[in-house]
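1. Just need the structure, nothing else, for what follows:
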Amino acid sequence: MIRLAVFCDGTWNGLQMQNLTNVARLARSVVRDPPGQNGKAGVPQVVYYDEGVGTATGVSRTSDRLEAILGGAFGAGLDRKIEQAYRFIVLNYKEPDDEIFIFGFSRGAYTARSLCGLIRKCGILRPEHLQRVPEAMALYRNRKIHPAGPECQEFRDRYSRREVVGSEDLLRKVGETTVTRRAADAAEGEECLLTDEVRRRRAVRIRYLGLWDTVGSLGVPDRFRLLSVFNKRFRFHDTEASKLIESLRHAIAADEDRRTFSAAPFSNIRDLNITATEELNAGIKARNARAAKAGRDVAPLAQVVDRRAPGYIPYAERRYQQKWFPGDHGAVGGGNFELGLSSAALLWVAEGAQAAGLVFDDRPDGELAQAGDLTNPLVDWRIGRQPGTLRPAWMTDLLGMIGGYRSRALTIGRDEVHPGARLRWTRMAHYRPKVFSPFTGETRLGPHRYVELVTGPPFRLLFLLVLAGGALLLVWLLGVIAHELLRLLPFGIGAPAADVLAGVGAWVRGLFGG
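-> Numbering: from 1, shown residues only. Next up is the predicted model:
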């Protein structure tokens, strides 16, 4: 048995940064060969860390700049990131007892969630079929094909390991051939109710998913309808977490208000916890039956609905959790000079992973111990370019000016508010983000929002004009090159097309007064 830990960093984030993100900090904290009990060797832990899209490739300065622009602005390379992480799992996964832990921040969180979806749809390929990873990716990207559909089942049967990823696999692979698929669906629903017994026997074990502020698409502002088509290919199939994931924690930034960083919370956390209590209650009922026969007291059944009823499981003890933290995108996921806010989110996600079985370095000088000392929910996240400096409260940023601002306004429960956020709004009268308005009674926008209301529209108009001008200049340049190449063709066969291009070029020059 081994534990595979996959860490996917965010856009432009890597190990060369002066201040690492929570993904990199946590990856460094994993103990590779943890000690076991009674002096025995523990379970080996294999770590895979991948820098985010838009980071330098090291091939050349030009390629690095291109990667930064295309990867950062349009998410180029996202599919490649998902495939690379999937290959790591395919090559290192050995047996059904192996445990998978997946982490991600920003677009890396998108990668992590997509990786879970890819496993649910295609299973884990057998190593001899490693070359079929692109086929698996194409199958995953096809939204018309359901994971339980015949196409996915056939793909898994031919190329993937035999571990269960859904109820349709239980029938085929556990050997319950006398039970019809209709009967199983009626009993278990569309998705598989993966009981503890089945997990121990045959199921792929995604033990834990830990995320910091998922970006739900490529981040192209939705107000630019033409450019936002880039989002469609890479959007999530849905906002629900698969039941294949045994536990998860998702830290979300309450104060991120740039449209280019729209929130992508899970929508089925409550349902997952209810399903988890059903699995837990199966064991409680069995123990209660034995206790009743022996004349002993029986335990109340677990539930997550009524706080006042017996057996209620507090939110902090549930397998699936999603909490809103104070700060913007970078303050929750890390990577800037101020570590007070990001350290709290780091520790919260790490605690969930520890509860699921992943072993971290617990030395006093280790990353997590230092994070505990640095945690401070009251610090400002509007950090300047130099350590110890702050941006003026009214200052906007380029992404905010291009895409605009919009407060994250989702309906959340009180349990989903991190204690650090409660402390902040208690101590700071001006701290009133919109997402917490049901609890604070008001919303207060930052000064930068009022600045953007005045300067944003003309700035975006200028930006679009520059963008259009650049596109026309590119068309003109390509036309000039094509014109000269066509003139080189023998017998003048390219002359008509060259004349057309010359006319287009003259029209473009005319637009610029040439």
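
2. hey, what's the closest residue to residue 342 other than its chain neighbours bridged with?
-> Counting by C-beta to C-beta, 6 or more residues apart in numbering, residue 334 is the residue found nearest to residue 342 once chain neighbours are left out, at 3.7 Å. Backbone N, C-alpha and C define where each C-beta goes, glycine included. Residue 334 forms beta bridges with residue 21, as assigned by DSSP bridges.

3. burial measure for residue 273, as a count.
-> By the measure other C-beta atoms under 10 Å, the count of residues near residue 273 is 20.

4. Numbering from 14 from now on, please.
-> Sure thing, new numbering starts at 14, so read that last one as residue 286.

5. and it, how far is that from residue 292?
-> 11 Å (C-beta to C-beta, to the nearest Å).

6. And residue 178, by the same measure?
-> 17 Å.

7. Which one of these two is surrounded by more residues?
-> Higher neighbour count among residue 178 and residue 292: residue 178, with 29 against 18, using other C-beta under 10 Å.

8. Show the contacting residues for the more buried one.
-> 132, 133, 134, 136, 160, 169, 205, 216, 217, 257 (C-beta atoms under 8 Å, 6 or more residues apart in numbering).

9. Quickly find the element holding the first one.
-> Under the assignment given by DSSP states H and E, the secondary-structure element containing residue 132 is helix 120-135.

10. What is that helix packed up against?
-> strand 16-21, helix 91-105, strand 112-119, helix 146-154, helix 163-172, strand 218-227 (3 or more C-beta pairs under 8 Å, 6 or more residues apart in numbering; DSSP states H and E).

11. With residue 371 as the reference, name the closest of those.
-> strand 112-119 (5.2 Å; C-beta to C-beta).

12. Summarise which helices and strands that closest one is packed against.
-> Going by 3+ C-beta pairs under 8 Å, 6+ apart, strand 112-119 lies up against strand 16-21, helix 35-42, helix 120-135, strand 218-227, helix 342-346, helix 353-369.

13. Include mean pLDDT, mean neighbour count and distance to residue 149 when you put these into TSV, please.
-> Output for these, formatted as TSV (pLDDT from 0 to 100; neighbours: other C-beta atoms under 10 Å; distance: least, C-beta to C-beta, whole Å):
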stretch	mean pLDDT	mean neighbour count	distance to residue 149
strand 16-21	98	26	16
helix 35-42	97	25	24
helix 120-135	95	26	4
strand 218-227	96	28	16
helix 342-346	96	28	28
helix 353-369	98	23	26
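
14. could the helices and strands packed on helix 120-135 go into JSON lines alongside distance to residue 273?
-> Shown next, in JSON lines, are these (distance: least, C-beta to C-beta, whole Å):
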{"stretch": "strand 16-21", "distance to residue 273": "19"}
{"stretch": "helix 91-105", "distance to residue 273": "15"}
{"stretch": "strand 112-119", "distance to residue 273": "11"}
{"stretch": "helix 146-154", "distance to residue 273": "23"}
{"stretch": "helix 163-172", "distance to residue 273": "33"}
{"stretch": "strand 218-227", "distance to residue 273": "13"}
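
15. Out of these, the one nearest residue 360 is which?
-> Here strand 218-227 is closest among the helices and strands packed on helix 120-135 (C-beta to C-beta), at 11.4 Å.

16. For that closest one, what is the distance to the chain centroid?
-> 8 Å (C-alpha atoms, centre = their mean, to the nearest Å).

17. same thing with stretch 379-395?
-> That offset, for stretch 379-395, works out to 22 Å (C-alpha atoms, centre = their mean).

18. Give me the contacts around it.
-> Applying C-beta under 8 Å, 6+ apart, the contact partners of stretch 379-395 are 38-39, 41-42, 268, 339-341, 343-344, 349, 351-354, 356-357, 359-360, 363, 373-376, 403-404, 406, 408, 432-434, 436-437, 440-441.

19. And it, what's buried?
-> 380, 381, 382, 384, 387, 388, 390, 392, 394, 395 (16 or more other C-beta atoms under 10 Å).

20. Equivalent analysis for stretch 47-64, please.
-> 47, 56, 58, 59, 60, 61, 62, 63, 64.

21. Now, those residues that are in strands?
-> Using DSSP state E, 58, 59, 60, 61, 62, 63 are the members of these that sit in strands.

22. Where does pLDDT dip in the stretch 264-413 of the chain?
-> Within the stretch 264-413 of the chain, no stretch falls below the threshold (pLDDT under 70).

23. closest one to residue 322 among the helices and strands packed on strand 112-119?
-> Closest among the helices and strands packed on strand 112-119, using C-beta to C-beta: helix 353-369, at 24.4 Å.

24. quick one: the closest one to strand 218-227, angle?
-> Between helix 353-369 and strand 218-227, the angle comes out at 170 degrees (axes from the mean of the first three to the mean of the last three C-alpha atoms, to 10 degrees).

25. Counting by contacts, list what helix 353-369 packs against.
-> Applying 3+ C-beta pairs under 8 Å, 6+ apart, we find helix 353-369 packed against helix 35-42, strand 112-119, strand 218-227, strand 261-266, strand 333-338, helix 342-346, helix 380-387.

26. how much distance is there from it to the middle of the chain?
-> Centroid displacement of helix 353-369 relative to its chain, using C-alpha atoms, centre = their mean, is 16 Å.

27. same question, stretch 216-228
-> 8 Å.

28. then it to PDB, C-alphas only?
-> The C-alpha coordinates for stretch 216-228 follow below in PDB (Å, rounded to 0.1, in the frame of the first residue of the first chain):
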ATOM      1  CA  ALA A 216     -13.100   0.900  -4.900                       C
ATOM      2  CA  VAL A 217     -10.600   3.500  -6.100                       C
ATOM      3  CA  ARG A 218      -9.800   5.500  -2.900                       C
ATOM      4  CA  ILE A 219      -9.600   9.200  -3.400                       C
ATOM      5  CA  ARG A 220      -9.200   9.700   0.300                       C
ATOM      6  CA  TYR A 221      -9.100  13.500   0.300                       C
ATOM      7  CA  LEU A 222      -9.500  16.500  -1.900                       C
ATOM      8  CA  GLY A 223      -8.000  19.800  -0.500                       C
ATOM      9  CA  LEU A 224      -8.600  23.000  -2.400                       C
ATOM     10  CA  TRP A 225      -8.000  26.800  -2.000                       C
ATOM     11  CA  ASP A 226     -10.300  29.100  -3.900                       C
ATOM     12  CA  THR A 227     -11.100  27.300  -7.200                       C
ATOM     13  CA  VAL A 228     -11.300  29.400 -10.300                       C
END
